[in-house]
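# Turn this into a model:
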Amino acid sequence: MTFSLRTIIDQDIPFVEGIEKEAFPTLWPRTPIKRDMHNKRIAYLVVTDLDQNPRINHLTNPMESPGESPNLYKRFSKTIQSKLFHQAPPRQTPFEMPLGFVSIWFLSDDAHITAIAVSNSWRGHGLGELLMIGSIESAISRNSRVVTLEVRISNSTAISLYQKYGFKKIGIRKAYYNDNREDAVIMTTEPIRSLSYEHRFSALCHEYSQRYYELGLALTNSNGSMPSIGLR
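Sure, this is the predicted structure:
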């Protein structure tokens with residue numbers, strides 16, 4: 001399997017909407033993805049399988065978020081690559097169906113992860129963690145100071161993943177979720193551009209690439225370059 005991260009394009013919208021409905025069936029109103037994806041303060045990343053996805057030829061021009069550096073990832077493991085910061089002119093290219101997505105709001109010096117979801121049939125392949133890596137890398141490239149999120153207090157699996165990437169519990173939002181009035185845990189990182197966090201993140205990226213490379217995972221872009229890569 002060959003997975004890739006990239007920014008969202010118009011053709012992704014119905015697939016991302018379907019994943020959102022599957023992951024968050026009680027969410028209402030639904031996220032205005034088509035509107036939000038053109039907001040400069042919001043980033044949507046999608047993960048695709050370049051080998052096994054149905055492909056449809058179409059004209060596409062992947063969007064590149066402003067301020068993101070194509071060289072930022074050089075200090076991290078070079079075995080993880082993606083199309084996240086690859087910008088190509090309009091051309092005929094295969095379309096890879098999204099398997100998961102993450103949305104990030106950039107507010108002042110805070111990058112806030114608002115939702116992350118992977119299609120039920122693709123869970124257990126490390127895609128949620130890959131989207132987390134992409135989110136943090138995207139925040140670094142936008143010069144954000146910290147990354148924050150909310151997570152259900154009962155979601156111990158997600159909380160463990162966030163803690164692995166340096167998120168700490170800093171508070172509770174009472175009755176945050178409309179479906180069952182469950183509390184949300186507020187979590188945030190230390191400054192992500194600090195030397196200590198860079199070392200931690202670099203080690204985690206290397207660990208991830210080693211673990212999934214052995215399973216045949218490779219993240220590449222179409223021109224062979226090595227751009228940067230970037231749960232609810």
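# This protein: helices as residue ranges?
13-23, 33-36, 127-141, 156-164, 195-213 (DSSP state H).
# among those helices, which is nearest A184?
helix 156-164 (10.9 Å; C-beta to C-beta). (Each C-beta comes from the backbone N, C-alpha and C, glycine too.)
# which other helices and strands contact the closest one?
helix 127-141, strand 146-152, strand 184-188 (3 or more C-beta pairs under 8 Å, 6 or more residues apart in numbering; DSSP states H and E).
# In CSV, list the C-alpha atoms belonging to that helix.
In CSV, the C-alpha atoms belonging to helix 156-164 read as follows (Å, rounded to 0.1, in the frame of the first residue of the first chain):
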residue,chain,number,x,y,z
SER,A,156,-9.2,6.8,25.8
THR,A,157,-7.7,5.5,22.5
ALA,A,158,-7.6,9.0,21.0
ILE,A,159,-6.4,10.6,24.3
SER,A,160,-3.5,8.1,24.3
LEU,A,161,-2.5,9.0,20.8
TYR,A,162,-2.6,12.7,21.6
GLN,A,163,-0.5,12.2,24.7
LYS,A,164,2.0,10.3,22.6
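# residues in contact with the most centrally placed residue in the chain?
For the chain, the residue nearest the mean C-alpha position is L131 (3.1 Å; C-alpha atoms, centre = their mean). Counting by C-beta atoms under 8 Å, 6 or more residues apart in numbering, L131 makes contact with 5, 45, 47, 100-102, 116, 118, 230-231.
# do that again at 10 Å, thanks
Applying C-beta atoms under 10 Å, 6 or more residues apart in numbering to L131 gives the contacts 5, 45-47, 99-102, 104, 113, 116-118, 230-231.
# quick one: least confident of those residues?
pLDDT across the contacts of L131 is lowest for G230, at 31.
# How much space separates F24 from S138?
Applying C-beta to C-beta, to the nearest Å, the value for F24 to S138 is 21 Å.
# Could you do K21 as well?
When K21 is compared with S138 (using C-beta to C-beta), they lie 24 Å apart.
# Please identify which of the two sits among more neighbours.
Taking neighbours as other C-beta atoms under 10 Å, K21 and S138 compare with S138 leading, 28 against 13.
# Verify the stated contact: the more buried one with I104.
Yes - if you go by C-beta atoms under 10 Å, S138 and I104 touch, sitting 6.1 Å apart.
# List the single closest residue to E17 in space, sequence neighbours excluded.
I33 (6.2 Å; C-beta to C-beta, 6 or more residues apart in numbering).
# OK, contacts around the one you found?
8, 12-14, 16-17, 20, 42, 44, 101, 103.
# Between which two of the residues you listed is the distance greatest?
P14 and I42 (18.6 Å).
# So these two - more neighbours on which side?
Taking neighbours as other C-beta under 10 Å, P14 and I42 compare with I42 leading, 19 against 12.
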